[in-house]
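Novice: From the sequence below, what's the structure:
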Amino acid sequence: MIVDLERLKRTLADDLKALREGKSVLGVSEMADALEALGPAYVVNAKAIRSSKNDPKGLTVEYALILEKLERPS
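Specialist: Residues are numbered from 1 along each chain as shown. Coordinates of the predicted model:
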């Protein structure tokens with residue numbers, strides 16, 4: 001799977017905004033798959049997302065952490 005990093009960041013940001021507004025988001029499993037495709041550094045994040053799939057507060061925290069991690073310069 002080839003991941004468009006900028007698109008992934010936009011999707012995460014949009015989903016995070018929706019979660020903070022109390023809305024639900026779709027594609028949590030696909031988001032986890034995309035993170036896994038980025039490599040070993042993101043496998044833990046993908047597992048955390050899958051674990052938080054039915055927990056909006058937990059998912060909000062995980063999405064925020066992942067977005068911050070993606071935006072940090074390598």
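
Novice: Could I get the full set of helices for this protein?
Specialist: Here the chain has its helices, by DSSP state H, at 5-20, 28-37, 43-51, 56-71.

Novice: is it possible to export these to TSV including mean neighbour count and mean pLDDT?
Specialist: (C-beta placed from N, C-alpha, C; glycine too.) Output for the helices of the chain, formatted as TSV (neighbours: other CB atoms under 10 Å; pLDDT from 0 to 100):
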stretch	mean neighbour count	mean pLDDT
helix 5-20	15	95
helix 28-37	18	94
helix 43-51	16	96
helix 56-71	16	95
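
Novice: got the contact list for the residue positioned nearest the centre of the chain?
Specialist: With distances taken as CA atoms, centre = their mean, residue 63 lies nearest the centre of the chain, 4.4 Å away. Neighbour list for residue 63: 12, 15, 16, 19, 49 [criterion: CB atoms under 8 Å, 6 or more residues apart in numbering].

Novice: next one: residue 5
Specialist: Going by CB under 8 Å, 6+ apart, residue 5 touches 38, 70.

Novice: and with 6 Å instead?
Specialist: If you count contacts by CB atoms under 6 Å, 6 or more residues apart in numbering, residue 5 has none.

Novice: for the one 3 residues further on, same thing?
Specialist: Shown in contact with residue 8 (CB under 6 Å, 6+ apart): residue 34.

Novice: measure the closest residue to residue 51 other than its chain neighbours to residue 17 for me?
Specialist: Setting aside the residues directly before and after it, residue 51 is nearest to residue 58 in space (CB to CB, 6 or more residues apart in numbering), at 7.5 Å. The span separating residue 58 from residue 17 equals 17 Å under the rule CB to CB, to the nearest Å.
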